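*Asks:* My questions are about this predicted structure, shown below with the sequence.
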Amino acid sequence: MTYVMAAVVTVIMVALGVFFVVTVASVAGAARTDPTRPGGRRSPAAPAPQAVDAAEEELRLRYARGQIDREEFLQRRIDLER
C-alpha cells in the first residue's frame, strides 16, 4: 500500500509540475507579444532596425560625399528616427 501511495503522490507532483511550467510559459509568451508592454511586438508601421541602419548609413555617405548639406542631413536623420 505504501508503494501505491508513493506512486500516486509522484504522479500528482509531476502533473502539478507540468501544469506550472505550461502556465508560466504561456504567461511569459503573452507578455512578450503584448504591444502595450515594453519589449512587446512592434507595430507594422515601425521599420526594422536593420532598415533604419542601412538608410542612416546611406544618408551619412551622401553627406560625406557632399551630395547633401548639413541642414538636409540633420533633417533627414530626424525623419528617419520617427
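*Replies:* Sure, I can see it.
*Asks:* Tell me the confidence at L16?
*Replies:* Predicted confidence (pLDDT) for L16: 92.
*Asks:* Give the helix, strand or coil label for it.
*Replies:* Secondary structure, DSSP: H, G, I helix; E, B strand; the rest coil: L16 is helix.
*Asks:* distance between the helix or strand hosting M13 and the chain's centre?
*Replies:* Secondary structure assignment for M13, by DSSP states H and E: helix 2-32. Here helix 2-32 is found 28 Å from its chain centre; the criterion is CA atoms, centre = their mean, to the nearest Å.
*Asks:* Give the next helix or strand downstream of that helix.
*Replies:* helix 49-65.
*Asks:* How about residues contacting that following helix?
*Replies:* 68, 70, 73, 76-77, 80-81 (CB atoms under 8 Å, 6 or more residues apart in numbering). Yep, even glycine has a C-beta here, placed from its N, CA and C like the rest.
*Asks:* could I get those as JSON lines with neighbour count, distance to R60 and secondary structure?
*Replies:* As requested, these are exported to JSON lines (neighbours: other CB atoms under 10 Å; distance: CB to CB, whole Å; DSSP: H, G, I helix; E, B strand; the rest coil):
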{"residue": "I68", "neighbour count": "15", "distance to R60": "10", "secondary structure": "coil"}
{"residue": "R70", "neighbour count": "8", "distance to R60": "12", "secondary structure": "helix"}
{"residue": "F73", "neighbour count": "16", "distance to R60": "8", "secondary structure": "helix"}
{"residue": "R76", "neighbour count": "17", "distance to R60": "10", "secondary structure": "helix"}
{"residue": "R77", "neighbour count": "14", "distance to R60": "9", "secondary structure": "helix"}
{"residue": "L80", "neighbour count": "15", "distance to R60": "11", "secondary structure": "helix"}
{"residue": "E81", "neighbour count": "8", "distance to R60": "14", "secondary structure": "helix"}
